[in-house]
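Enquirer: Using only what follows, build the 3D model:
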Amino acid sequence: MNIDDVRANAFAMPLTSPAFPPGPYRFLRREYLVITYETDMDALRAVVPEPLQVTEPHVKYEFIRMPDSTGFGDYTESGQVIPVTLDGVQGGYVHSMYLNDHPPIAAGRELWGFPKKLAQPALQVDVDALVGTLDYRSVRVATGTMGFKHRMVDAKGVLAAMAQPSFLLKIIPHVDGSARICELVRYYTTEVVLHGAWSGPTALELHPHALAPVADLPVRKVISGVHFMVDLTLNLGDVVFDYLTPSP
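Expert: Got it, this is the predicted structure:
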C-alpha cells in the first residue's frame, strides 16, 4: 500500500477494517427516558468548559434504547446532558455517556468527541413501570423509573428540544501524551420523526463510583421525566472553538 493509497483510504482505525462506517447515521425507533433533575450549581460550573455557559442548576439524565442504527447495530446508552448556552443559543453539553457496543464507542470518540465509556445500561418495561439502569461492571450506579405512559406529552416541546444543538469536548492525544486536538464540537440531529411521547411519576437514584462518577452531579430534586420514541439522523459536527489556538 503506497502513500497515496493510505491517504485515499484512511478514514478510521484500523486502516484496513474500520470499526464503523462513514456517516451520517440513521436511527430507527430510538427510545428515550429523559429525567431532568436539579443539582448543585457549583458542581456544574466545575465540569462545563468555557465558552459554554451554565444558566440553571439542571441536568438531563438519559437512558436511550437504540435497536436499529446505521453501522452500529443494536445497543443501549446512558448518561448526562447539561443545559447550556453558547452566544445566547440554548443547547446541551454532553457530560457523560456509557454504552455496551464498541462501534459507537469508537465512532463517537473519534469523530465527534462523545465522552463514551464501556458499561452495561438497560431500558425496559417492568410490568407497569419504565425502568432504566446503568451498571459499571458489577456495580449499579444509576436507576431511573417512570410510570409507563401515564400521560401524553405535547410533541412540540419534544421536537423543539431535539432541534437544539449539542456540544462535546473532543480530545485526541499526541504520541507524546499531550493534546493534539482539543476542540468544542457542535452537532445536530435532523429528520426527526416522533412516534409518541409520554410522562408519568418519575424517580432517579445515582450511586458514587470512582470510574463512573455520575453521582458527582447529585440529585437534589427530580423536576420532570419524559419517555419518547423517534427516528432521527445523527449528523456530523463542526468545530466552534479550538482550545489549542491562543485566545486573542
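Enquirer: buried sites along stretch 147-156?
Expert: Buried residues in stretch 147-156, counted by 16 or more other C-beta atoms under 10 Å: 147, 149, 153. Yep, even glycine has a C-beta here, placed from its N, CA and C like the rest.
Enquirer: Stretch 187-197 now?
Expert: The neighbour-count check on stretch 187-197 (16+ other C-beta under 10 Å) flags 187-189, 192, 194, 197 as buried.
Enquirer: Residues touching the helix ranked longest in the chain, excluding its own?
Expert: When the chain is parsed with DSSP state H, its longest helix is helix 155-163. Helix 155-163 is touched from outside by 188-189, 192, 194, 197, 226, 228, 230, 232, with contacts defined as C-beta atoms under 8 Å, 6 or more residues apart in numbering.
Enquirer: related to what we said a few turns ago, which of the buried residues of stretch 147-156 lies closest to His95?
Expert: Val153 (24.2 Å; C-beta to C-beta).
Enquirer: I'd guessed that closest one sits against Leu194; true?
Expert: No. Applying C-beta atoms under 8 Å, one finds Val153 not in contact with Leu194, separated by 9.8 Å.
Enquirer: what residues are shared contacts of these two?
Expert: Phe228.
Enquirer: ok now stretch 95-112, how far from the chain's centre?
Expert: Relative to its chain's centre, stretch 95-112 lies at 9 Å (C-alpha atoms, centre = their mean, to the nearest Å).
Enquirer: what's the answer for stretch 65-85, then?
Expert: On C-alpha atoms, centre = their mean, the centre of stretch 65-85 falls 6 Å from the chain's centre.
Enquirer: Show me what counts as buried in that stretch.
Expert: Neighbour counts over stretch 65-85 (16+ other C-beta under 10 Å) mark 65-66, 69-70, 72, 75-84 as buried.
Enquirer: okay, who's weakest in those by pLDDT?
Expert: For the buried residues of stretch 65-85, the weakest pLDDT value sits at Thr70, with 93.
Enquirer: Turn the buried residues of stretch 187-197 into CSV, columns for distance to Tyr98, secondary structure and pLDDT.
Expert: As requested, these are exported to CSV (distance: C-beta to C-beta, whole Å; DSSP: H, G, I helix; E, B strand; the rest coil; pLDDT from 0 to 100):
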residue, distance to Tyr98, secondary structure, pLDDT
Tyr187, 19, strand, 97
Tyr188, 23, coil, 97
Thr189, 20, strand, 97
Val192, 24, strand, 98
Leu194, 25, strand, 98
Ala197, 24, strand, 98
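Enquirer: Quickly name whichever of the residues you listed is closest to Gly23.
Expert: Tyr187 (10.3 Å).
Enquirer: Was I right to think the closest one contacts Gly237?
Expert: Yes. Between Tyr187 and Gly237 there is a contact under C-beta under 8 Å: 3.8 Å.
Enquirer: Show me the common contact partners of those two, please.
Expert: Listed contacts common to Tyr187 and Gly237 are 112, 168; contacts here mean C-beta under 8 Å, 6+ apart.
Enquirer: And the helices in the protein, which stretches?
Expert: Taking DSSP H, the helices of the chain run over residues 3-9, 41-47, 102-107, 155-163.
Enquirer: Thanks a lot, see you next time.
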